[in-house]
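**Q** sequence first, predicted coordinates after that:
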Amino acid sequence: MVISYTDITIFVMDKKRFERYKRILIFIIAAVFIIQKSWSYFEEKKETNEIVFYTLPAQTEHIEDRSIDVNENIENEDIEREETAPEIKEKTDKININTASSEELQKLYRIGPAIASRIIEYRQSYGNFETIEELMEVKGIGEKIFEANKDKICVK
């Protein structure tokens, strides 16, 4: 078996090309994997209403309007002002998962439109929930989501 110098160089060049193509292929596979994971992450975030902004009502000052008659004897120069702080009511009502609409269910932590519709479908298929723990049987609701919402839900 005789191998010429030109055969060896061609073999070495082919091996270098192979290594280069192998690196490019690994890079492409990694890029596709990262893009797919990012896409599914953002789809999940879009499905859930994780970002919620709470605003307090603006503080207002109510001043009693009084007209002053020039002929009237003014003993107090101070005008009484009535200041009332805005009333902030804490919502203590729990969401009844047996009767709640999709919009009401979406107020819960990590419950988006898709999971809310699954809860309603589950309710229609199997009847009303007997306990709040039964909510974990709905696809997409695990222990973490249940633990975060168990104080906000009820079955009546």
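**A** Perfect, I can see it now. Numbers count the residues shown, from 1 in each chain.

**Q** could you report the neighbour count for Phe135?
**A** In this structure residue 135 is Leu, not Phe. Applying other Cβ atoms under 10 Å, we find 20 residues neighbouring Leu135. To be clear about C-beta, it is placed using only N, CA and C from the backbone, and glycine gets the same treatment.

**Q** pLDDT score assigned to it?
**A** What the model reports as pLDDT for Leu135 is 95.

**Q** what are the phi and psi values for it?
**A** phi -60, psi -30 (degrees, to the nearest 10).

**Q** wait, it touches Ala148, no?
**A** No. Using Cβ atoms under 8 Å, Leu135 is not in contact with Ala148, being 11.7 Å away.

**Q** helix, strand or coil for the residue nearest to Asn149 when sequence neighbours are not counted?
**A** Of all residues not flanking Asn149 in the chain, Leu108 sits nearest, at 4.7 Å (Cβ to Cβ, 6 or more residues apart in numbering). At Leu108 the chain is in coil, as set by DSSP: H, G, I helix; E, B strand; the rest coil.

**Q** and what about Glu130, helix, strand or coil?
**A** coil.

**Q** buried residues in stretch 23-37, which are they?
**A** Within stretch 23-37, no residue counts as buried by 16 or more other Cβ atoms under 10 Å.

**Q** what mean pLDDT does that stretch get?
**A** Stretch 23-37 comes out with an average pLDDT of 90.

**Q** so what are the domain limits for the chain?
**A** Taking automatic domain parsing as the reference, the chain has its domains at 1-47, 95-154.

**Q** pLDDT averaged over stretch 116-130 - what is it?
**A** Rounded mean pLDDT across stretch 116-130 is 94.
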